[in-house]
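> Model the following, please.
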Amino acid sequence: DWIWRRCVYLKDAYRDHEMIHARTSDNFNLPSDYVEQFAEYPESWKRRFFDGSFDVFTGQIWPEYDPELHEINPVRLENWWEIAESIDHGRRNPTAVLWGAYFSRWGHNYCFIVDEHYQAGKLVSYHAQKILENRERLGGIRPMWTVIDASAAQQDPNTGRSVMDEYFDRGIAVVPSDRHKIARIVRVAEWLTPKPEVPHPLTGDTREEGYPQLYIFKNCINLKEHVPQYHWKPKPPNQHVDAKEEPEKKDDHDVDSLGYQLMMRPHPGEKPRIIMPEEDPRAYAYWNRQQMHKKAGGTATNRYGVD
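As a prediction, this is how the structure comes out:
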C-alpha cells in the first residue's frame, strides 16, 4: 500500500515522511501472557501482526523470499558466466525484460538477476532497441538465448505475423516460453529456498540453514518489489472447498519473465581451470628430455636453475 511504498520501499525519496515501527512486544501495557495465546497461529501471521513485517502476508506465493538474503549489491560480471534473457511482452501493460547470469561455484549452480527493463505503452521496436543497448552496457554480452512468453507466438489471422516475428526483424532471436504457470512458480520457489548444503555464492560462507541459489541485484527495483507481493487470488469467504491455485493477475509481468527464464534450465558457466606450469604435460615432457640428455652426459637445467 502507499504507506509501505513511501515509508519503507521509497523512504529515501520521501524524506518528509517517517514511520515509527513498533512491535506488539513493545507495548508494556499488555499482559505478560498475551502473545503466548497466539502460539499456534501461522508463523507468517505472527510475523506480520506481531513484528509488523511488510515481507509477509496472507496468500503470499513465495514466502521463501527474504530481501535481506536475496537482494544483493551489483557485482562485476565474470566473462565466463552464461547470460540469459527473458521477455514478458505487453502493449498497454509493461514489457518486462530480465537478464540473468548463471554460473557454477563451490559445487553448486547459482543465478544472479543482474538487470531489468520494465516499461509500458511502447512498441516492439522500442523494446528491441533497449535490449540491444543493454547488452552493450553489460559488456557486449551475447545471451545463450532469449525466451519470450508463448502468447507472443500467436499469429495474426490476416497477416500471419506474430510478436515473435517483430522481435526477430529487429535483431532479437526469441524462443517461446513454457506455458505452465504453476510449474514456473514451483521452479522459482526451488531457487529461492535456502538449502543447508549450499554456501554463499560470493564468499563461500556456510550456515546451518544454508543459502539460496537465486539472487536479485538491488538495481532491479521493479522485480524486487513485485516478487514479495506476488500472491494467490483470495478465496471467497463462503467457499468451503479448496481454492484453485491461481495467482492474482497484478504486477506479475517481471515475475512471469523470471519464471520463463528458470524453466529453460539454463546451463551455468564454469570457471576455466588455470593449469599451473608444473601441471602442464608439455612441461613434464620438456624436463624428461632434459633429464635424458643429462644422463647421456650433457648438462641439463632444471626448472629452478642450472643443475
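> CA only for contacts and neighbour counts going forward, please
Noted.
> Which parts of the stretch 101-250 of the chain are strands?
With strands called from DSSP state E, counting those that start in this stretch, the stretch 101-250 of the chain shows them at 108-120, 146-148, 174-176, 214-217.
> other SSEs contacting the third one?
If contacts are counted by 3 or more CA pairs under 8 Å, 6 or more residues apart in numbering; DSSP states H and E, strand 174-176 sits against strand 146-148, helix 163-169.
> got the contact list for the shortest one?
Taking CA atoms under 8 Å, 6 or more residues apart in numbering as the criterion, the residues outside strand 146-148 that touch it are 84-89, 164, 172-177, 257, 260-261.
> among the strands of the stretch 101-250 of the chain, which is nearest Q37?
Proximity of these to Q37 was assessed by CA to CA; the nearest stretch is strand 214-217, lying at 36.7 Å.
> gap between the closest one and the chain center?
Its chain's C-alpha centre lies 4 Å from the corresponding centre of strand 214-217 when counted by CA atoms, centre = their mean, to the nearest Å.
> which other helices and strands contact it?
Short answer (3+ CA pairs under 8 Å, 6+ apart): strand 214-217 packs on helix 67-70, strand 71-72, strand 108-120, helix 181-192.
> deepest of the ones you listed, which one?
Using mean count of other CA atoms under 10 Å, the stretch among these with the largest mean neighbour count is strand 108-120, at a mean of 20.
> I'd like the average pLDDT over that one.
The predicted model gives strand 108-120 an average pLDDT of 97.
> what bits of the stretch 51-200 of the chain have low per-residue confidence?
Scanning the stretch 51-200 of the chain for pLDDT under 70 picks out the ranges 51-58.
> let's go with 90 and repeat that
Within the stretch 51-200 of the chain, the set of residues satisfying pLDDT under 90 comprises 51-60, 63, 158.
> Which residue, neighbours along the chain excluded, lies closest to the residue most central in space within the chain?
For the chain, I113 is the residue whose C-alpha lies nearest the centre (CA atoms, centre = their mean; 4.0 Å). Spatial nearest neighbour of I113, excluding adjacent residues (CA to CA, 6 or more residues apart in numbering): G100 at 4.3 Å.
> Now do the SS call for the one you found.
Under the three-state scheme (DSSP: H, G, I helix; E, B strand; the rest coil), the conformation of G100 reads as strand.
> Isn't it up against A84?
Yes - with contact defined as CA atoms under 8 Å, G100 reaches A84; the gap is 5.2 Å.
> which neighbours do these two share?
Q261.
> Could you pull out the helices in this protein for me?
2-4, 43-49, 67-70, 124-137, 163-169, 181-192, 221-229, 253-263, 281-295 (DSSP state H).
> Minimum distance to Y215: which of the ones you listed has it?
Between Y215 and those, the shortest gap by CA to CA is with helix 67-70, which sits at 4.7 Å.
> Output the contacting helices and strands for the closest one.
Counting by 3+ CA pairs under 8 Å, 6+ apart, helix 67-70 packs on strand 214-217.
> So what touches the strand it packs on?
Contacts of strand 214-217 (CA under 8 Å, 6+ apart): 70-74, 110-115, 191-192, 224.
> what's the answer for stretch 118-129, then?
By CA under 8 Å, 6+ apart, stretch 118-129 touches 90-97, 163, 166-167, 170-172, 222, 254.
> let's see 6 Å
Taking CA atoms under 6 Å, 6 or more residues apart in numbering as the criterion, the residues outside stretch 118-129 that touch it are 91-96.
> Highest neighbour count among those?
A96 (26 neighbours; other CA atoms under 10 Å).
> hang on, that one packs against D256?
No - taking contact to mean CA atoms under 6 Å, the distance of 8.7 Å between A96 and D256 leaves them out of contact.
> Turn the helices and strands packed on strand 214-217 into CSV, columns for distance to N158.
Written out in CSV, the entries for those read as follows (distance: least, CA to CA, whole Å):
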stretch, distance to N158
helix 67-70, 46
strand 71-72, 46
strand 108-120, 26
helix 181-192, 29
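> Out of the ones you listed, which gets nearest to R207?
The closest of these to R207 is helix 67-70. By CA to CA, the value is 12.6 Å.
> C-alpha coordinates for the closest one, CSV please?
Taking only C-alpha atoms (Å, rounded to 0.1, in the frame of the first residue of the first chain), the coordinates of helix 67-70 have been written out as CSV:
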residue,chain,number,x,y,z
PRO,A,67,15.0,-9.1,1.0
GLU,A,68,17.9,-9.2,3.4
LEU,A,69,19.1,-12.5,1.9
HIS,A,70,18.0,-12.5,-1.8
